[in-house]
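[1] Give the three-dimensional model of this entry:
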Amino acid sequence: MNIDWLDLRKLKYVVTVAEQLSFSRAADVLHMSQPPLSQQIKQIEKQLGFELFERSTRSVKVSTAGKLFVAQAHKVLLSHQQLGEFLLSQKQGVVEPFRLGSIGLAFESFLAPVIASFVKQQPTIQLKLQEASTQELINQCQSGLLDAAIVRLYNSELPTEQLTKIYEEPYVAAIPADWVIKDQTIGLTQLAQLPYIGYPRHIQPALFDAIEGAFLKAGKRAAMVQQMRTKGSTIALVEAGIGFAIVPSSLIPKSYNEMTNSKVRFIAIDESLPPVEIYIYSPAKNKHPILATFIERLINHNKD
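    Numbers count the residues shown, from 1 in each chain. Have a look, this model is predicted:
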């Protein structure tokens, strides 16, 4: 199918309508009036041979085929933007932007100071950061949208030559501070009797199963009452007294004042659980020239 007629301007029309779910709002964003935009979308749909949007008098929804189209259009527009950034960097005499993704946990535990130091010592580098889940970051690396990503893995099937382990830490139990637990450590059997704040299995299936298996080995399945995607939301629920959570030890406050003011208490777990393993992943055949230096900086920082 010849799609030479489908230029970047038309892709931007479609993507903007999909983002706004309103032709009038999309027209405002695009600095044009609504009737020409509606006509453009109808013409695009006619040439494609299917509807991108389901319209009613009250709403605009993206069709099933439209969702797939918009996802591809996003990639094209992003690639065009990255090409522009590359050309600008060449004109300014700086290295091509380094597109780095990372899970939020890495930013919280060690990544932020490494980035600050790295940018200070490498002033010609344009660092483009992206925060997302492990699977989202892997997908973006594999589609060429990122040069590398810092991800949490457990029993991964990714090629070992594309991974570099940069950090490891144990899990601990985070419990509401007003729970009457005097011991300095706690077992999974005791934890299984308490309300548990976990996470959806699809985020890390192998790790989820390993932790659940550890509970079952200790004699009882954990009583999960809530599932949260991010550590910030999880800790907020622990603070509210809703339940305990199993979290990386890097979430333990570093300063005395933070510890004494916290509504959360962190306790070591008696049983052996899989460690938190953080890797940097880069599948690109032609790796970014700064990647090796950045990996070395990460490893050295985490050794200190």
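
[2] Could you tell me how far Ile295 is located from Ile280?
    Note on Ile295: its distance to Ile280, by Cβ to Cβ, to the nearest Å, is 6 Å. (Glycine included, C-beta is placed from N, CA and C.)

[3] Overlap in contacts, those two.
    Thr164, Ile166 (Cβ atoms under 8 Å, 6 or more residues apart in numbering).

[4] more crowded one of those two?
    Set Ile295 next to Ile280 and count neighbours by other Cβ atoms under 10 Å: Ile280 wins out with 23 against 16.

[5] looking at this, the more buried one is in a strand?
    Yes. Per DSSP: H, G, I helix; E, B strand; the rest coil, Ile280 lies within a strand segment.

[6] My read is that it contacts Ala149, right?
    Yes. With contact defined as Cβ atoms under 8 Å, Ile280 counts as touching Ala149 (7.1 Å).

[7] ok, the residue nearest the centre of the chain - contacts?
    Against the mean C-alpha coordinate of the chain, by Cα atoms, centre = their mean, the closest residue is Ala132 at 1.3 Å. Taking Cβ under 8 Å, 6+ apart as the criterion, Ala132 is in contact with Gly101, Ile103, Gln140.

[8] Please convert the residues you listed to a markdown table, extending it with neighbour count.
    Below are the contacts of Ala132 laid out as a markdown table (neighbours: other Cβ atoms under 10 Å):
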| residue | neighbour count |
| --- | --- |
| Gly101 | 26 |
| Ile103 | 22 |
| Gln140 | 18 |
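
[9] from these, which single one is nearest Ala268?
    Nearest to Ala268 among these is Ile103, at 23.4 Å by Cβ to Cβ.

[10] Show me the domain layout of the protein.
    Per automatic domain parsing, the domain ranges recorded for the chain read 8-87, 94-166+278-303, 171-274.

[11] To Asn2, which of those lies closest?
    Short answer: domain 8-87, nearest of these by Cβ to Cβ, at 10.1 Å.

[12] mind checking the end-to-end distance for that closest one?
    Domain 8-87 stretches 18 Å from its first residue to its last (Cα to Cα, to the nearest Å).

[13] chain center to that domain: distance?
    Distance of domain 8-87 from the chain centroid (Cα atoms, centre = their mean, to the nearest Å) equals 25 Å.
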